[in-house]
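> need the 3D shape of this:
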Amino acid sequence: MRDSTHLWHWHPRVPHALNLTQLDHGIDRLARFLATPQYLLGQTVFIIVWITLNSVHGWHLFWDGYPYILLNLAFSTQAAYAAPIILYKQVRDGLVHEAAEREHFDAVKRIEAAHRSHTEALSRIERKLVDLTAEAMIKRALRALLRG
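Model (predicted):
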């Protein structure tokens, strides 16, 4: 099964309900990237390098000493953007799932109606067959009585 981020690509009625823009697709890509192991590993390596370069006082690359205020500012800025992006994507994914569930519900209702209709038709055919069988048995019994 495809993951939820691609529901609108394969579901026939969802695109008309959501009208996704390029911004929506960009936010999807960014939110998916923020949840990858590559991003987390890259961020971890970046933090280790940052702290290492700023902890060794003999190096001339010392620009953000302990308590790493610039690093904290970068984290705050990243969180200020990442949280709304992820929330926006979750809300949109909820809309996608809701539209898909609505379509599924409608399909189930159509199938149930067709099933009911077919069941009723089969019941009518069964009653007709019972009537015809009873009529044939009565005719045979009458013929047998008339013959003899």
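> could you list the low-pLDDT ranges of the chain?
For the chain, the stretches flagged by pLDDT under 70 are 1-18, 57-61.
> apply 90 and report the result again.
1-36, 49-70, 81-83, 85-100, 103, 144-148 (pLDDT under 90).
> ok, longest helix in it?
Criterion DSSP state H: the longest helix present in the chain is helix 69-147.
> check the offset of that one from the chain's centre.
Centroid separation between helix 69-147 and its chain, computed with CA atoms, centre = their mean, to the nearest Å, is 17 Å.
> how much space separates the residue nearest to residue 51 when sequence neighbours are not counted from residue 62?
Of all residues beyond its chain neighbours, the one nearest residue 51 is residue 68 (6.8 Å), with distances taken as CB to CB, 6 or more residues apart in numbering. For every residue, glycine as well, the C-beta is placed using N, CA and C. Residue 68 sits 12 Å away from residue 62, taking CB to CB, to the nearest Å as the criterion.
> quick one: which of those two has more around it?
When neighbours are counted by other CB atoms under 10 Å, residue 68 comes out ahead of the other of residue 68 and residue 62, with 16 against 12.
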